[in-house]
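Visitor: Structural data only, the sequence is not supplied:
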């Protein structure tokens, strides 16, 4: 741990002293480096490469800083550095669409930051001027600060009711940037929750079931909304919304089961980060995979890990999640059976979404033609392979370090069944030509409309303004001047006499 | 010493009439010697207390008696110094402005009259001084030539009317008491109707001559029409003479009931002068008229302070009254000299002439602004000291919110008219070109009294103490 | 350092800018070198003296110099920790602004006059900071008004004259009322030295009404300069002045003088206990909060860069007032440190706005498109300043907002955090679009009036250097907030001394 409180702001400290920050940091670093190497190749012919790397570096620094932060201010610094710099990545392509999405992103990012700031302030004050988040663990939460923190961090994490920016911003950013956004950056919100919202807090424990439900809704909503879109990156973004829902559930479970759920949460984060990053990267170069079976196989590997095929990291984390859920002490109105069946149907839906994605990716490929050199392409695919390889090597790590339970055979069956069911469903769907009416697809999100409204509100052309009423006394003055224009001597003498009489009468 | 102060100007006048060629030199010489003598007198008074001289060795009661306290010696010093300064200014500009040769003896006479006035404590002597002042002042105004005839005539008529009123009052008093010496009179004073009428007649005569509201009508035209050095003298000194007598009358003679009855009138007149004079100064289109109206307004302060002093008998008001007189004399002299210099150089009478003056004549404009600062009462100027004393007095008296607000309003008005001119001077879009190259010396001369009024702040504590005790 | 020397230190700090200023008035337009060297000499001497004083005050020493003036109220110059905060701020920023002004006015007429008044203005500000009692404060307050006016109307155009009139109307009325208030307080408790904890406490019982009146009168006046809500009208109009003047006006001289006065009034005249006993803090707090939001809201619709900055100043300066009005130690730290931080940030923004106007002729926000490519350094400095205003770490603005927020929570006024949050959002709403235009939008058409001021840099180096300097400063103040040199540590020292008295 590095104590910087005598140099930087009061209480400043950096260090990886916790069970969760250390793996988080390592995982983020790996992903950043991998994707960074990937962008070296993919942005080679970018006219605005300088800008890309500037914001990339800033985001990188911010992300690493916020993970290593030991105090609230350092975290906030890293958080805002990352959030704001990510704006540059979002609008990198500089299309009208990108700028629209960027606007929405920035509006929500700033809003989130301010909310987070207020929440942190209240916490720091409640902790008696201690900025070190470890010492906040014992400080009881208040409803106000808890909701501020949840909202502020949730806007970054992007689960269901706070997800508006994800489906807009991810598709427009360059593929590696989306990979990072979805893979690591939105996880910063979750990390903040872990740091600043003590799981053992009584208020948090009361709220946890609500969060659990929210996560569940988010998990379903993401998939269902994703199914209604045909652009691969939008689908992936919605998939992120859904997956963040699962993570939120895990976070809630942390309060309900005690810290035992922490390794599962970490494993889930790593798993989703890797898988989502792979999928986004693939979506960026799907055109190059046409007719190349190996490249497509790599995609399927990543997708299957997402679908939680046995032996994959997905399988491990999903099983563990279910186990934790059943072990949790839930309030009476939440039935475990309903929850676990919901989880199973969630798995079906996830698989369905990924199949949908695969179909869409196949549809896109004809149009996407890139003119990159062979070396460049090969390099990128090599890195992609490395990433997918890491993804598939994850189970080993998870078993090794977090002692996640290995799924039993029946559990594996329970994992495969939804996938198979989804495949069947998809096939039926395809065969029977089930289709919703066209206008249900690819609808514009209302968020963009409200974002525009908001912009009009804060960039008004004119504002009501109060003006002093103009009074012209000039005519009155002129009339007075005329009236007073009398022979001076006699008037003065007269006045003199008048005064004499008046003062005399007043009783001298 | 007092006799020297009186004889010197008299001799000066005589010699000037004999040798008009060296008149300016003589005037300057007289003024400078008088200044030294006045300084000497001030030291004398401050060391040995009040000085009294009976002229020509006659016994008290018959002889013309002269009495100098610290206030009068201060006023004498001020008179002499301003005479010197204005003389220098007149000398520096007399070729350009074609100042008549009559200026020098007349100004010397003016000094004589004023000095005698500050020293006299006898109603008839005071009348003589007043008359002398009036005549000389009218003559000085008429030096401007044809355009000044009408204002000068008005001035003359009203001045005579005022003198008559005063004389009538003096006659009534003489008839009733048989003495005219103020101290003796005060001892025998009875607050009956004849004495009230006499007092009132004198008061009105003096108000007329001091241009106190509402009898101020003659002043703006007369002061504006006069040549710049004359206006400076008139505004700075001449109107203060009758005011001095007024204070003598009411503070030393009048009985308690009379005082109580007249105090609100004085305060009211002062307030009206402040507000209406201020508005007039703000609205008049002519530069010198603005300064003249400002004199009307500023005299309102003195009147207000006098009224409050009579009402509450609070020594701070006495200090305020005389500080106003001193600060105003210096500031107004600077204002008139500066404005006179600017209007002469830029060629125009209107305030619009000042456009761009901060560029073309920075020194004169600076002098005007600095003097204006004292008129407004910005610290640390003499005007500020006076206002501070007034405000302190009012706050200590308690419950005088009306007067306080009125003073704030009046101050704002004065700020408005001063800065109306100053803002115009900063207009760089359309500056008025000077008719000839601006001259430096007259501008410095205009600046001197303005700096002096700010330097008053350095001696604020002794001044406040002195004037508080004095109170006449 | 001999005691004799020490006694004259406060005076010589004032004289170090006053004397060069007076000499500069007499110089001819063509004596450029002499003028510049005089100016820089004054700046150097002042900084040196301030450094001396800083070290001594840090060691716990007090400086005192007095001249007899009114009975019961001498002219007193006093160097304590609080006054030094302001003195250091104005001296350092004077350095930057002087260099900037030399570059900015290189070819314009009437430079001697300009620099003369400029020095006068700084002398008045420093005098205000060092004033040891209310009467002295009043004196320098009026002097500041007068010295600033010629700077506001320096261009001499009808608009600037109108602005000057308005400025005078507001500030001179204020000055008169201040005189009234000071006289009232003087009649109640005389005018002793400013003391931590205030000096009116003894007179509170029996004089509640009058003391409240005095407080209201003085806040009204200081509110004019600090641009509190109904009295802010002059500030947006006064931005017609040349850029260095606006910079000085908004960052150091006038606006800050008002805020500084409020600090003095609340802590060193009335004191926390009397403020609580008279219940004066709550209205002030409400007023400041309303101003914060109103200023930000009005800034949204301004299309002129400097106008938008002016409304932003209205909002930001009220943070200081708010911090003071909360009457808690942490909030006081926030308010005090914002006095410095806001100054540095706003001066950076004004420098940049001036650079854009001078180099490319840009005055409107919509003309800023793509300026980041043409003038990257200036645009970067502007961006830093804007981020600071929003309160994004690691800029200085974050530190002050953090402490203000903590202070609000400390005194149990959680609704103020909402005010801060809302204002932060509004700040972002009017600053980020500007930043966006500069960096992300392509240049649209030609620049309004481009001048080639330098062959090597994007603009004249004398315009560029101050902006870089203050931008780096605001970053350093935010980053190294805990070091001994930082304004934060100094504010904590002041607050410690202010709140320790009882």
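Guide: The structure has been received and is ready for your questions. Every value quoted in this text rests on a predicted model; they were computed, and no experiment measured them. Numbers count the residues shown, from 1 in each chain, chains lettered A, B, ... in the order given.
Visitor: What does residue A:3 show for phi and psi?
Guide: Backbone torsions of residue A:3, given as degrees, to the nearest 10, read phi -90, psi 120.
Visitor: Tell me what it is bridged to.
Guide: Taking DSSP bridges as the rule, residue A:3 bridges to residue A:13.
Visitor: Look up how far residue C:42 lies from it.
Guide: Distance, residue A:3 to residue C:42, using C-beta to C-beta, to the nearest Å: 43 Å. Quick note: C-beta positions are derived from backbone N, CA and C, even for glycine.
Visitor: The residue of the stretch 151-300 of chain C found nearest chain A: neighbour count?
Guide: Nearest to chain A in the stretch 151-300 of chain C, going by C-beta to the nearest C-beta, is residue C:300, at a distance of 5.5 Å. Residue C:300 has 17 neighbouring residues, counting by other C-beta atoms under 10 Å in any protein chain shown.
Visitor: contacting residues for it?
Guide: A:458-460, A:463, C:426, C:429-430 (C-beta atoms under 8 Å, 6 or more residues apart in numbering or on different chains).
Visitor: mind checking which helix or strand the closest residue to it other than its chain neighbours is in?
Guide: Distances taken as C-beta to C-beta, 6 or more residues apart in numbering or on different chains place residue C:430 nearest to residue C:300, at 5.1 Å, with adjacent residues excluded. Per DSSP states H and E: residue C:430 is located in helix C:414-440.
Visitor: what helices or strands is the following helix or strand past that helix leaning on?
Guide: Where DSSP H and E defines the elements, the next helix or strand beyond helix C:414-440 is helix C:461-479. Packed against helix C:461-479 by the contact rule (3 or more C-beta pairs under 8 Å, 6 or more residues apart in numbering or on different chains; DSSP states H and E) you find helix C:81-104, helix C:329-360, helix C:376-390, helix C:396-410.
Visitor: how about the residues of the stretch 401-508 of chain A near chain C?
Guide: A:458-463 (C-beta under 8 Å from any C-beta of the partner chain).
Visitor: quick one: which of those residues has the most company?
Guide: That'd be residue A:458 among those, by other C-beta under 10 Å, with 17 neighbours.
Visitor: The residue nearest to it when sequence neighbours are not counted and residue A:462, how far apart?
Guide: Using C-beta to C-beta, 6+ apart and skipping residues adjacent in sequence, the residue nearest residue A:458 is residue C:429, 3.7 Å away. Distance of residue C:429 to residue A:462, computed by C-beta to C-beta: 16 Å.
Visitor: mind listing what's buried in the strand or helix carrying residue C:489?
Guide: Here residue C:489 sits within helix C:487-500, counting by DSSP H and E. Across helix C:487-500, burial judged by 16 or more other C-beta atoms under 10 Å in any protein chain shown covers C:487-495, C:498-499.
Visitor: What average pLDDT does it get?
Guide: The average pLDDT for helix C:487-500 rounds to 84.
Visitor: relative to helix C:461-479, how tilted is it?
Guide: If you take axes from the mean of the first three to the mean of the last three C-alpha atoms, to 10 degrees, helix C:487-500 sits at 60 degrees to helix C:461-479.
Visitor: From the chain's centroid, how far away is helix C:487-500?
Guide: Its chain's C-alpha centre and that of helix C:487-500 lie 19 Å apart, by C-alpha atoms, centre = their mean, to the nearest Å.
Visitor: again with stretch C:463-482
Guide: On C-alpha atoms, centre = their mean, the centre of stretch C:463-482 falls 16 Å from the chain's centre.
Visitor: List the buried residues for it?
Guide: C:463-471, C:473-482.
Visitor: Following element in sequence after the top helix by length along chain A, please.
Guide: Using DSSP state H to define each element, chain A has its longest helix at helix A:96-126. Beyond helix A:96-126 on the C-terminal side, the first helix or strand identified by DSSP H and E is helix A:143-157.
Visitor: In contact with the residue nearest to the spatial centre of chain A, which residues?
Guide: Closest to where the C-alpha atoms of chain A average out (C-alpha atoms, centre = their mean) is residue A:156, at 2.8 Å. Taking C-beta under 8 Å, 6+ apart as the criterion, residue A:156 is in contact with A:79, A:83, A:109, A:112, A:185-186, A:188-189, A:192.
Visitor: Is it possible to get CSV of these that adds pLDDT and distance to chain C?
Guide: As requested, the contacts of residue A:156 are exported to CSV (pLDDT from 0 to 100; distance: C-beta to the nearest C-beta, whole Å):
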residue, pLDDT, distance to chain C
A:79, 92, 9
A:83, 91, 9
A:109, 91, 10
A:112, 92, 11
A:185, 89, 17
A:186, 89, 20
A:188, 90, 15
A:189, 90, 18
A:192, 90, 15
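Visitor: top of these by neighbour count?
Guide: Busiest of those [other C-beta under 10 Å] is residue A:79, holding 31 neighbours.
Visitor: Stretch A:468-487 and chain B, are they touching?
Guide: Yes. Counting by C-beta under 8 Å from any C-beta, chain B has neighbours in stretch A:468-487: residue A:477.
Visitor: which other residues reach that stretch?
Guide: For stretch A:468-487, using C-beta under 8 Å, 6+ apart, the contacting residues are residue B:283.
Visitor: what's the answer for stretch A:315-333, then?
Guide: With C-beta under 8 Å, 6+ apart as the test, stretch A:315-333 has contacts from A:209, A:212, A:246, A:249-250, A:253, A:256-257, A:260-261, A:263-264, A:267-268, A:271, A:308-309, A:336, A:339-340, A:343, A:347, A:395, A:398-399, A:404-407, A:411-412, A:415.
Visitor: Helices - which of the residues you listed land there?
Guide: A:209, A:212, A:246, A:249-250, A:253, A:256-257, A:263-264, A:267-268, A:271, A:336, A:339-340, A:343, A:347, A:395, A:411-412, A:415.
Visitor: What's the PyMOL line that selects buried ones from those?
Guide: With 16+ other C-beta under 10 Å as the criterion, this PyMOL line picks the buried residues out of those:
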select buried, chain A and resi 209+212+246+249+250+253+256+257+263+264+267+268+271+339+343+347+395+411+412+415
